[in-house]
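> I need the structure of the sequence given here:
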Amino acid sequence: MSRKSGIGHEALLKRKAEEKLESYRRKIHMKNQAEEKAAEQFRMRLKNKQDEMKLEGDLKRSQRACQQLDTQKNIQVPREAWYWLRPEEETEEEEEEKEQDEDEYESEDLTVLEKLQILTHYLREEHLYCIWCGTAYEDKEDLSSNCPGPTSADHD
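Below is the predicted model of the structure:
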């Protein structure tokens, strides 16, 4: 018994095979696009996390500098609690006090970037100090003529 199929039947089979192949290619393409998008989102999250960590490091450096410079000028209390680094872990009795002071240090309404901008401005105005140059200048003229600017981008 021989299989007889007409030209139309072969064309139908060929068309169905091509449709299957095209469908498979579309699925692979969509899968690849989804993977690329996920990888890009991951890279962005990682970069944002790295940027955030850098900002936090810059803020800590600024707080340390502020505390040293304020102390040299006999300033006993920072203008804002968060201008200085938090004291390291205290004893248990002081833990309760620390929880009450928490709000002063956190100042939730400000982002790390905003704190950094405020603090670097304070250091420049009050102490003629640029955290990015690591230099205390003689006067405002010295600061404005020798420092590239008030942000880290100015120093790249």
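
> Show me where the protein dips below the pLDDT cut-off.
Low-confidence segments of the chain (pLDDT under 70): 1-5, 89-108.

> all strands of it, in order?
129-130, 135-136 (DSSP state E).

> List the contacts of the first one.
Under the criterion CB atoms under 8 Å, 6 or more residues apart in numbering, residues 65, 69, 120, 123-124, 135-137, 143, 147, 150 lie in contact with strand 129-130. Just so you know, the C-beta spots here come from the backbone N, C-alpha and C atoms, and that holds for glycine as well.

> what do you get if the cut-off is 6 Å, keeping everything else the same?
For strand 129-130, the external contacting residues (CB atoms under 6 Å, 6 or more residues apart in numbering) are 123, 136, 147.

> Okay, the residue nearest the centre of the chain and residue 112: tell me how far apart.
Nearest to the geometric centre of the chain sits residue 52, at 2.4 Å (CA atoms, centre = their mean). In this structure, residue 52 and residue 112 are 7 Å apart, going by CB to CB, to the nearest Å.

> Report all helices and strands that the helix of greatest length in the chain contacts.
Ranked by residue count under DSSP state H, the longest helix found in the chain is helix 7-72. Secondary-structure packing of helix 7-72 (3 or more CB pairs under 6 Å, 6 or more residues apart in numbering; DSSP states H and E): helix 112-127.

> between the helix it packs on and helix 7-72, how many degrees?
Orientation check (axes from the mean of the first three to the mean of the last three CA atoms, to 10 degrees): helix 112-127 against helix 7-72 gives 30 degrees.

> Helix 112-127: how far from the chain's middle?
18 Å (CA atoms, centre = their mean, to the nearest Å).

> Sounds good, over and out.
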